[in-house]
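Engineer: Here is my input; please provide its structure:
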Amino acid sequence: MVSKELIRSNLITVNEESTVSQIQNLFKYQRNLVVLNGQKYSGIISESLAYRLNSDLSAIKVKNIMQKAPRITGDEPPEQVAKLMVESGFKLIPVTDQAGAFVGGVLADDLIKSFLNELKKVNVKTVMTPNPVKITVESTVGQGLALMRKQGVARLLVMDGSKIAGIVSLHDIVEKVIKSGFKQRRDKRLGEYKYMADQSIKSIMSADVKALNHDANAARAFELMMENSFSSVPVIENGQLAGIVTKEDILKQIASRTERGPTVFVQISTKNDMRSIDFDKEIISEKVKGLVRKYAKFLDNSTITFYIRNSELTSRGRIHFEVRLQVVGPNYKNSIIGEGWGLRSAVINAVSNLERLLQKEKETMPRTGEEFVRLLNQIL
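Structural biologist: Residues are numbered from 1 along each chain as shown. Here you go, the predicted structure:
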């Protein structure tokens, strides 16, 4: 179970009836704020959620844009909490009593610190993401955001030729571009958004990049992040960029300690208000389990995200859905669309489309020496 030392009772909370403008200054102290309805836990609101709106923040209530992060009671093993962090995308997991009253929360940094001795035995190459997503130093913020969305990542390595010039994260864009632009926005929103999108990546990136050698351990990677207030560290091998380590990568390592077989993390993101829709997460869970069993070599240690959008079209009482299924992992990356009348149909179509691509990939994989000899014997 989670130790009492990991549960913080002094986290900042906000009322769900508050407006976003009333709570926006609190993000400088805590990036994820716990939302309460009275004493009961309601959800989480993050800084990026608050500032992605093209609206007057004084007119938007917290409850209308918060997200439902999973909650725990404190009886769960820390490995399970790490997995919840990866799958929810939040680095804070609320703790409630059996009645749902908020009693505290577990932060990712505290959780990782509790595993530092074990992480000293883990080589950084086993947790890093190889072939990190890169962008050139001449690129714009708009191009960076588009690449983040396409690749399903929250940070980009900024390259000047073959050299690392810096790192830019989604937080950098929110803090240095969107927030500053938001304060100036009045009636010329489209023009200002265009200006913001055209801003240089170089002007907002973190240029003081600290890299690790490939033979370092995962604990040192985390310590380097904490010492410099970074959320990621590049990994260098033989003078060349080999990968990148993030806090999420380290949480995945912790979460996998109790897993048997391939480890896959499933995230679900809904673009529209889904509260009125009969949303069965077991549909997605069962489909993913079958896919992972069949294509473990490609999907192990991957994060599979289902971006679900209700198009608001209806036919004979059924709602039309679009599902963008994104796979990000060390062995496979792709983005696939599925759609259908009804959520179940859209999910099945997206998973089926992914399976077809995985099967093609499997058929074109280089065969091992043993498989090659067996194939030759069959032919001869």
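
Engineer: Just to check, Glu47 is in contact with Arg31?
Structural biologist: Yes: counting by Cβ atoms under 8 Å, Glu47 does reach Arg31; the two are 5.3 Å apart. Yep, even glycine has a C-beta here, placed from its N, CA and C like the rest.

Engineer: between these two, what contacts are shared?
Structural biologist: Here Glu47 and Arg31 have His171 as joint contacts, going by Cβ atoms under 8 Å, 6 or more residues apart in numbering.

Engineer: burial of Glu361, as a residue count?
Structural biologist: 15 (other Cβ atoms under 10 Å).

Engineer: circling back: more neighbours, Glu47 and Arg31?
Structural biologist: Shown here are Glu47 and Arg31; by other Cβ under 10 Å, Glu47 has more neighbours (21 against 15).

Engineer: Quick check: nearest residue in space to the more buried one, chain neighbours excluded?
Structural biologist: Leaving aside its chain neighbours, Glu47 sits nearest to Phe27 (4.2 Å; criterion: Cβ to Cβ, 6 or more residues apart in numbering).

Engineer: I'd guessed that neighbour sits against Leu33; true?
Structural biologist: Yes: using Cβ under 8 Å, Phe27 is in contact with Leu33, at 7.2 Å.

Engineer: between the two, who's got more neighbours?
Structural biologist: Neighbours were counted for Phe27 and for Leu33 using other Cβ under 10 Å; Leu33 has more, 26 against 20.

Engineer: Name the strands paired with the helix or strand hosting that one and say parallel or antiparallel.
Structural biologist: Following DSSP states H and E, one finds Leu33 within strand 32-37. When sheet partners are counted by DSSP bridges, strand 32-37 sits next to strand 13-15 (parallel), strand 40-46 (antiparallel).

Engineer: By mean pLDDT, show me the worst of those strands.
Structural biologist: Among the strands paired with strand 32-37, strand 40-46 has the lowest mean pLDDT, at a mean of 91.

Engineer: helix or strand right after it?
Structural biologist: Past strand 40-46, the next helix or strand by DSSP H and E is helix 47-51.

Engineer: which secondary structure elements does that next one contact?
Structural biologist: helix 170-173 (3 or more Cβ pairs under 8 Å, 6 or more residues apart in numbering; DSSP states H and E).

Engineer: So which elements touch the helix it packs on?
Structural biologist: helix 47-51, helix 141-151.

Engineer: Output the lowest mean pLDDT helix or strand found in the chain.
Structural biologist: Sorting the helices and strands of the chain by mean pLDDT, DSSP states H and E puts helix 369-379 at the bottom, at a mean of 46.

Engineer: Can you convert the strands paired with strand 32-37 into CSV and add a column each for mean neighbour count and distance to Asn213?
Structural biologist: Listed next are those as CSV, based on neighbours: other Cβ atoms under 10 Å; distance: least, Cβ to Cβ, whole Å:
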stretch, mean neighbour count, distance to Asn213
strand 13-15, 17, 42
strand 40-46, 21, 33
